[in-house]
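> structure, please.
(2 chains)
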Amino acid sequence: MRLPEGARPVSLGQDGPDVLTVAWSHGHAGRHRVRDLRLACRCAQCVDEWTNQPRLSPDTVPLDVRPVRIEPVGLYGLSIEWSDGHSTGIYTFETLADLCQCDSCLPAGARP
Amino acid sequence: MVSNEQVLSALRAVQDPDLHKDVVTLGFVKDLVVRDGKVSLRLELTTPACPVKDELKAQAERVVRALPGVTGVEVSLSASVKAPRPAGAILPGVKNVVAVASGKGGVGKSTVAANIALALADDGATVGLLDADIYGPSMPTMFGTRARPQPAGEKSIHPVYAQGLKLMSIGFLVDPDTPMVWRGPMVHGALSQFLEQVEWGQLDYLIVDMPPGTGDAQLTLTQRAPLAGAVIVTTPQEVSLVDARKGLKMFEQVKVPLLGIVENMAYFACDGCGKEHDLFRRGGGRRTAEALGVPFLGEVPIEAEVVLAGDEGVPIVRRAPQSLAAQALRHVAREVARQLAMRAAAATEAPPLASMAWKA
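Numbers count the residues shown, from 1 in each chain, chains lettered A, B, ... in the order given. Next up is the predicted model:
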């Protein structure tokens, strides 16, 4: 999803054990498989700051990884504390929008 | 006989120049009483530092007096400051948190922040000032106080009260000669405590004097504090403007609205002849503001008395209110209040996102 100027999440929700729902201010109903969010973490522990090479190996992330807590970060993002102990990532609203897996963002079959 | 309806209908001709609506539609008219041709009312503005409050009052008096049958008009002013969004968990009693920042040091940011805070308080607002410059706190000197913050319960402290402001600075907590040899996480911890463990109470404005640059402390504040907006202070030179642009970009990245740019040390007004000398290519701040499409909040001249006032603990808007610099700073403060009021009036924002616990 391309994020319109000023758009931001207004509320977060849970759909089943492993889907995060995001209600956006412009009406978009975002959905994310939580493990996919964990794998997409762009923090310095997961992506090398200098080379941009991935440092996180997907095999090391438990299949049943879940958020423990989700916190807003300022006016621009979210941070997620994960059940695997990871907590240093910030998902900016743009990143979150890029990663959206709702019906209109993803082709059928890839949807959570 | 004059009726309330006639008075209200006359007042519809009085427009707020910033909100582009009339004072009746905006709900500014309070306590309207019409008795025997005598009209009294109160205009409740959205900030006591409204730059056009005297004009609004004069206009209201004029249109009401023009009504046939009116023999006397009394218009008083009050203000109720609006917040840009409903309160969240951090600083819940503070309506507008404003960051005063610069791309680099030495542009007079702390002086501008302190004087904005005092000017807003002089206009009748309740104001706090947070010195977020952990490595180089300046507020104890500027306000001439070394008071120790008093404990408030087990986990929090009261701010220091000085010159009508609530103040907090690391300078109140450590010896002034002790250098703060701290790594980022300690700065982060101290600033988080200033936001969450200081009893700021109810404030119309909390002015945050940011440290120079775009580092750890700035990130902490943009991540933790519910900022209503940021003001960038610059000097007219090119190198300072390049830095100011970086500051602007930083706030853009973290979605903090830019209230505008202040050009400090814009020119030197000779105390002998009054001639204005442009020491550093005046106008750079204005040009940058125009280029970036953000408001220009004003230019502040260099005056020896500004520095003297800061060093002696009574900032210039109090020490020499009629000086050119004080007038300029008062203008800047009112422009800041005006930008905030315009944004709050246009805001339809939901409260900040609440944190969420995942259910297994």
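
> tell me how far the residue nearest the centre of chain A lies from A:Pro67.
The C-alpha lying nearest the average C-alpha coordinate of chain A belongs to A:Leu37 (Cα atoms, centre = their mean; 3.8 Å). When Cβ to Cβ, to the nearest Å is the yardstick, A:Leu37 and A:Pro67 sit 8 Å from each other. C-beta coordinates here come from the backbone N, C-alpha and C atoms, glycine included.

> any shared contact partners between those two?
Any residue near both A:Leu37 and A:Pro67 by Cβ atoms under 8 Å, 6 or more residues apart in numbering or on different chains counts here, and that gives A:Leu20, A:Ile80.

> separation between B:Arg245 and B:Ile116?
When Cβ to Cβ is the yardstick, B:Arg245 and B:Ile116 sit 21 Å from each other.

> more neighbours: the two, which one.
Neighbours were counted for B:Arg245 and for B:Ile116 using other Cβ atoms under 10 Å in any protein chain shown; B:Ile116 has more, 32 against 17.

> does that one count as helix, strand or coil?
Three-state secondary structure (criterion: DSSP: H, G, I helix; E, B strand; the rest coil) places B:Ile116 in helix.

> tell me the contacts of the nearest residue to it once chain neighbours are set aside?
Nearest non-adjacent residue to B:Ile116, counting by Cβ to Cβ, 6 or more residues apart in numbering or on different chains: B:Ala333, 4.4 Å away. Contacts were defined as Cβ under 8 Å, 6+ apart; by that measure B:Ala333 touches B:Ala49, B:Asn115, B:Ile116, B:Ala119, B:Leu120, B:Asp123, B:Val317.

> which SS state does the first one fall under?
Read it as B:Ala49. Strictly by three-state DSSP, B:Ala49 counts as coil.

> which of the helices or strands spans B:Ala228?
Secondary structure from DSSP states H and E places B:Ala228 in strand B:227-234.

> how about that strand and chain A, touching?
Yes - with Cβ under 8 Å from any Cβ of the partner chain as the criterion, chain A is reached by strand B:227-234 at B:Leu227.

> burial measure for residue 41, as a count.
Defaulting to chain A. 22.

> wait, chain B
Neighbouring residues of B:Leu41 were enumerated by other Cβ under 10 Å; the total is 24.

> can I assume it is in contact with B:Phe28?
No - the pair B:Leu41 and B:Phe28 does not pass the contact test of Cβ atoms under 8 Å, sitting 9.5 Å apart.

> max-length strand in chain B?
Among the segments of chain B that qualify as a strand by DSSP state E, the longest is strand B:258-269.

> quick one on the thing from earlier: you'd agree the residue nearest to the centre of chain A is in a helix?
Yes - with three-state DSSP as the criterion, A:Leu37 is assigned to a helix.

> list the contacts for it?
A:Leu20, A:Ile80, A:Tyr91, A:Leu99.

> I figured B:Phe251 hits B:Ala101, correct?
Yes - checked against Cβ under 8 Å, the pair B:Phe251 and B:Ala101 is within contact range at 7.4 Å.

> settle it for me: which of the two has more neighbours?
The neighbour comparison of B:Phe251 against B:Ala101 (other Cβ under 10 Å) goes to B:Ala101, with 29 against 24.

> rewinding a little: that's a helix at the residue nearest to B:Ile116, yeah?
Yes - assessed by three-state DSSP, B:Ala333 belongs to a helix.

> tell me how many other residues crowd residue 23.
Picking chain A for this. Residues near A:Ala23, counting by other Cβ under 10 Å, number 14.

> oops, chain B please
Using other Cβ under 10 Å, B:Val23 is surrounded by 24 other residues.

> for residue 42, helix, strand, or coil?
Answering for chain A, as no chain was given. Three states are possible here, and by three-state DSSP the one that applies to A:Arg42 is coil.

> I was after chain B.
State at B:Arg42, reduced to three classes by three-state DSSP: strand.

> quick check: pLDDT value at it.
Reported pLDDT at B:Arg42 in the predicted model: 96.

> quick check, B:Leu167 in a strand?
Yes - when the secondary structure is assigned by three-state DSSP, B:Leu167 falls within a strand.

> and the nearest residue to it once chain neighbours are set aside, what does it touch?
The shortest distance from B:Leu167 to any non-neighbouring residue, by Cβ to Cβ, 6+ apart, is to B:Val160 (4.6 Å). With contact set as Cβ under 8 Å, 6+ apart, B:Val160 has these partners: B:Thr145, B:Ala147, B:Arg148, B:Pro149, B:Lys166, B:Leu167, B:Met168, B:Ser169, B:Phe172.

> switch the cut-off to 7 Å
Contacts of B:Val160 were listed using Cβ atoms under 7 Å, 6 or more residues apart in numbering or on different chains, and they are B:Thr145, B:Ala147, B:Pro149, B:Leu167, B:Met168, B:Phe172.

> show me the contact partners of the lowest-mean-pLDDT helix or strand in chain B.
Least confident helix or strand, chain B: strand B:276-277 with a mean of 75, by mean pLDDT, DSSP states H and E. Residues from elsewhere that reach strand B:276-277, judged by Cβ under 7 Å, 6+ apart: B:Tyr267, B:Phe268, B:Ala269, B:Cys270.
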